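Engineer: What follows is a predicted structure for the sequence shown.
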Amino acid sequence: MQSPYLIGESVYLRPLEEDDAVVSHGWLNSPEIRRGLASRVRPHTTASAREYIRNLDPEHDQVFAIVTRGDGIYVGNCGLHDIDPVNRVAGLGLLIGHKDHWGRGFGTEAVTLVCVHAFDTLNLRKVWLRCHATNDRGLRLYRRVGFEVEGRLREHAYVEGRYVDELLLGLLRDELRAIG
């Protein structure tokens with residue numbers, strides 16, 4: 001394991017590094033992956049991805065590379081954004097970029113690890129996220145971890161030629177479900 005920060009059964013999370021931009025910028029340019037992201041992204045280059053990583057401020061954003069424990073493959077990113085130490089909340093982001101690693105539980109484990117970190121290390125009381133109502137895979141994952149739908153923004157996001165609802169989900173400390 002290279003610089004592990006959070007360690008699970010199948011994956012470990014390490015701090016995102018500038019060299020990860022070589023791989024991750026391609027994920028953000030993939031239409032299939034962009035379709036599931038609640039925040040619309042613009043075209044990325046290695047240089048723009050490096051700049052994003054370089055400008056991350058750990059006081060506000062803690063983003064981790066998701067790496068498989070068995071074979072050490074960097075498969076995605078997961079992190080906390082807009083960390084608010086006064087209200088003790090943060091937004092969650094997840095991206096599994098290697099499509100051949102979808103459906104293997106890596107996202108569920110990464111989200112659980114990040115939420116445990118949010119509650120037990122950062123002493124946050126709530127983690128929240130936005131998800132398109134059409135993102136069935138993501139919604140199943142978030143519900144497995146314990147997230148609850150708290151609100152719906154009707155026809156809020158324009159995705160592939162149509163407007164879709166965006167859901168707001170939240171997870172309080174005592175709602176986190178253990179995996180395994």
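Structural biologist: In hand now; what should we look at? All values derive from a computational prediction rather than experimental measurement. Numbers count the residues shown, from 1 in each chain.

Engineer: can I assume Leu16 is in contact with Tyr74?
Structural biologist: No - applying C-beta atoms under 8 Å, one finds Leu16 not in contact with Tyr74, separated by 9.7 Å. C-betas here are computed from N, CA, C, even on glycine.

Engineer: Can you check which residues contact both of the two?
Structural biologist: Ala65 (C-beta atoms under 8 Å, 6 or more residues apart in numbering).

Engineer: if you count what's nearby, which of those two comes out ahead?
Structural biologist: Neighbours per residue (other C-beta atoms under 10 Å) separate Leu16 from Tyr74, with Leu16 holding more: 23 against 20.

Engineer: residue contacts, that one?
Structural biologist: By C-beta under 8 Å, 6+ apart, the neighbours of Leu16 are Ile53, Leu56, Val63, Phe64, Ala65, Asn77, Gly79.

Engineer: That one: what's its closest spatial neighbour, skipping adjacent residues?
Structural biologist: Val63 (4.7 Å; C-beta to C-beta, 6 or more residues apart in numbering).

Engineer: Need the pLDDT of that neighbour.
Structural biologist: We have a pLDDT of 96 for Val63.

Engineer: again, but for Leu6
Structural biologist: 94.

Engineer: Nice, that's everything, thank you.
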